[in-house]
Structures are given as C-alpha cells and as structure tokens.
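Student: sequence first, predicted coordinates after that:
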Amino acid sequence: MKHTLKLLAIAHLSTLSICKYPGLFLLLYLAQQHTMLAQPIQFPQATTSLSSTPEEEDMPEIALSLDDVPMPGTVLFGGMARTKAIIQKLQAVNSPAIGIFALGIHAQGAQNMQRLRMYAEAGHIIANHTYSHWSLNKVNPQTFIQDVQRAHRCFQALPNFRPWLRFPFLHEGETIAKRQAVMQALAAMGYQEGYVTISNHDYHINNLVVKAARAGKQINYEKLKAIYIRILWDCIRTYDQLARKVLKRKVKHVLLLHENDLAALFIGDLIEYIRSQGWRVISIEEAYKDAIAAVALMTNYGHTGRIAAIGVEKGLGKGLVGFPPTTHLKYIAEALQQEKVFTDP
C-alpha cells in the first residue's frame, strides 16, 4: 500500500513540474525503490500449499513460475534489487511457493548464487532450466542432456531444489523421436518436466519498457501495470477455456513468467487480481500433482504450453491453441502507444 501511494504521489508531481526536468520521474521512482530495498531483509517462508474450504473445491487454480533466474540487472533494477523486490511482493500477498527455474549461465558468481539461495530460503522451489538456454530444436539430444546435467551440478545443493526441467523457449525438439530420446534420458536422471499450461510474451513487454527507460522516456507505471495484467489475464482465461474444452474439467495451471523488471514491479498486483477474479493461487508443487503431469505426449508441439500440446494431440489445429490476439507482439506495441505509457520528458 505504501509503495502504491508513493507511485501515485510521484505521478501527481510529474503532472505539475517534473516534466520540466528530463528523466526526473524515473530517477524519483527508482530512488524510492532503492530506499525500500536497501535494508537487510528477513523473508518469511512461503507456504507450500494453502488449505481450502469445500466451497473452494471448484475454484480455478494457478501456480506461478519464473524462468531464466537470476536475470541480469537493467537500468530499472539491479539484479539483487530485483530479486529482493520480487520476494518482498510475494511475501506481501502471502503467495504460496512459486517455481524458480534457474539458468546456469545467469548463476555465475557468488552474488547470483546468493539470489537463488534467497528464493529458496523464502520457501520457493528451485528447478533446472538448463545451463546454456539452448533450444532442443537446434542441438542433438546428447548435447542437450549434458547441458542439463551441467546445470544440475550447479543447483542440486541449493535448498528446495527439485529435479524438474523446463525446456528453454518451451522447445521440446523438432521431431517426436528427439523429444522421446530426451524425455527418456531425463527420466533416467530422476527428472520430470517442469511444464507450463499458460505462456505469454511478458519478456517482450519488459524489453520495450527497458528500452524506453534507457532512452530517458517517462513511464506511466499505473497504465503499464493495467496493460501487463490485462494481457496476462487474457492468456490465463484463454488457456483455462481450452483446458476445459479438451479435458472436460478444470486443471491446476502453471503460469510462465520471467524474473524481469515487470515481475519486480507487479507480481504482487497480478496475484491479487487473479484472486479477485475468483481463482485460487496454489503452490508449484501442488500444481504438478495434476493428472496432466503424467500425460505421455506423442507430439512435439509445446511452445505455448502443455494444454495446447494436449489440444493438438486431440485433433485441434495449431491455429486453435495459440495465443489470444491481445498477446501478439503487434498488439503489445500498439497498446503501449495508444495508452501513452511512454512519453518524452
């Protein structure tokens, strides 16, 4: 609440006099973020599950996950500041444990490993996103598995580590034979797939925001938040409707996000919005108890998530399982422009 009031105050000032000084709006915003994050923080443990009442049994359910952790810093957030902000916001909304899919090339150095440890010590689950972030569509199975093993050696000693593998880009091989070879090798290692049911283009929105900040643009964070949540919510609704169509039941969803600046700014707001729509936010471990986790797919179509892959396997055309129109890259750029999220100082 205090954070929101500060943002509103800054936005009010910008309409009066800040616009006279290039970049001052962004500097003030980041200054208050820095003040909030500068003190040492003790993070309470995230819960691994939340109890439900009989009335909640039919509620739609969703878990959150972050890919490419720990991501490098940007002009908006340093890496450590971003990690602290995300943990704080998850704590503030009493979030269950989310999935932290760690990337070896991002985890080099003591501080980056410490960022992963902070997530784990806050109760979140660490899993494997490979070492090099190679697409399985572009390397052979042996090379890919060796890269998974390299990442495993980096992360296996962290608290709350689970042998789950999320494919980079959600690419599961350009052929079914390649996918099956990799899945068999993963099973022999004791791994399961850290699948998603709801993908999106949050990384693209984030890239546009960072580019605007680097160019010295003023950013209307309230409008940005509204667009971010609206786009993600459209993805959530679309894939929930698809799940009910192809499976004739609700599923425990897994939402893919990235450890980017938008998550640091708005992950708490996103969780609160999801709950306000009558959904239950659950832990990543609870989500992976859904029966779809055991489905042996015979398709290599996975780049928009497991529900889409099941839909294709059940005979739906790929055009019927894709992203909703409001998540397309062209729409994102147009929405940011129409809402005047970025303006000149």
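Tutor: Structure's in. What do you need?
Student: alpha carbons only for contacts and neighbour counts from here, please
Tutor: Will do.
Student: let's see the pLDDT reported for L170.
Tutor: At L170, the model reports a pLDDT of 95.
Student: same question for L165.
Tutor: 98.
Student: could you give the bridge partners of it?
Tutor: Residues in a beta bridge with L165, per DSSP bridges, are N128, E193.
Student: that one: neighbour count?
Tutor: 21 (other C-alpha atoms under 10 Å).
Student: how near is it to A102?
Tutor: 10 Å (C-alpha to C-alpha, to the nearest Å).
Student: with I229 instead?
Tutor: Counting by C-alpha to C-alpha - I229 and A102 are separated by 24 Å.
Student: more neighbours, these two?
Tutor: Taking neighbours as other C-alpha under 10 Å, I229 and A102 compare with A102 leading, 29 against 18.
Student: who's in contact with the closest residue in space to that one that isn't next to it in sequence?
Tutor: Distances taken as C-alpha to C-alpha, 6 or more residues apart in numbering place V69 nearest to A102, at 4.7 Å, with adjacent residues excluded. By C-alpha atoms under 8 Å, 6 or more residues apart in numbering, the residues touching V69 are 100-103, 106-107, 116, 258-259.
Student: can I get stretch 59-66 in CSV, CA atoms only?
Tutor: Taking Å, rounded to 0.1, in the frame of the first residue of the first chain, the C-alpha atoms of stretch 59-66 are listed here in CSV:
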residue,chain,number,x,y,z
MET,A,59,-12.3,-22.7,-7.9
PRO,A,60,-9.9,-22.4,-10.8
GLU,A,61,-6.3,-22.8,-9.6
ILE,A,62,-3.0,-21.5,-10.8
ALA,A,63,0.6,-21.5,-9.7
LEU,A,64,3.3,-19.1,-10.8
SER,A,65,6.8,-19.7,-12.0
LEU,A,66,9.8,-17.6,-13.1
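Student: which parts of that stretch are buried?
Tutor: 60-66 (16 or more other C-alpha atoms under 10 Å).
Student: break the protein down into its structural domains.
Tutor: 1-39, 59-293+302-343 (automatic domain parsing).
Student: highest average neighbour count across those domains?
Tutor: domain 59-293+302-343 (a mean of 19; mean count of other C-alpha atoms under 10 Å).
Student: run the chain-centre distance for the lengthiest helix in the chain.
Tutor: Of all the segments of type helix in the chain, defined by DSSP state H, the longest one is helix 221-247. A distance of 13 Å separates the C-alpha centroid of helix 221-247 from that of its chain, computed with C-alpha atoms, centre = their mean, to the nearest Å.
Student: now the strands: where do they sit in the stretch 1-150 of the chain?
Tutor: Using DSSP state E, counting those that start in this stretch, the strands of the stretch 1-150 of the chain run over residues 61-69, 99-102, 125-128.
Student: pLDDT score for L320?
Tutor: 74.
Student: residue contacts, the residue nearest to M298 when sequence neighbours are not counted?
Tutor: Spatial nearest neighbour of M298, chain neighbours left out: I176 (6.8 Å); criterion: C-alpha to C-alpha, 6+ apart. Residues in contact with I176 (C-alpha under 8 Å, 6+ apart) are 298-300.
Student: what's the answer for V210, then?
Tutor: Here V210 is in contact with 74-76 (C-alpha under 8 Å, 6+ apart).
Student: closest to H133 out of those?
Tutor: T74 (19.8 Å; C-alpha to C-alpha).
Student: distance-wise, check D68 relative to F144.
Tutor: 17 Å.
Student: oh sorry, the question was meant for K84
Tutor: Counting by C-alpha to C-alpha - K84 and F144 are separated by 32 Å.
Student: give me the pLDDT value at L24.
Tutor: At L24, pLDDT is 41.
Student: could you do the one 5 residues further on as well?
Tutor: The predicted local distance difference test score for Y29 is 38.
Student: same thing with the one 4 residues further on?
Tutor: Per-residue confidence for Q33 comes out at a pLDDT of 41.
Student: now I87. Nearest residue, chain neighbours left out?
Tutor: Per C-alpha to C-alpha, 6+ apart, closest to I87 is Y119, 7.0 Å.
Student: can you tell me how far the one you found is from S199?
Tutor: Distance from Y119 to S199, counting by C-alpha to C-alpha: 22 Å.
Student: same thing with I267?
Tutor: For I267, the distance to S199 - C-alpha to C-alpha - is 15 Å.
Student: confidence score at R117?
Tutor: 98.
Student: could you shift the numbering so residue one becomes 856, and keep it that way?
Tutor: New numbering, starting at 856: the last item is R972.
Student: list the contacts for it?
Tutor: By C-alpha under 8 Å, 6+ apart, the neighbours of R972 are 1013-1014.
Student: picking up where we left off before, wait, which of the contacts of I1031 is closest to N1015?
Tutor: Distances from N1015 to the contacts of I1031, taken by C-alpha to C-alpha, are shortest for N1155, at 29.7 Å.
Student: just give the number of residues close to that closest one.
Tutor: Count around N1155 with other C-alpha under 10 Å applied: 20.
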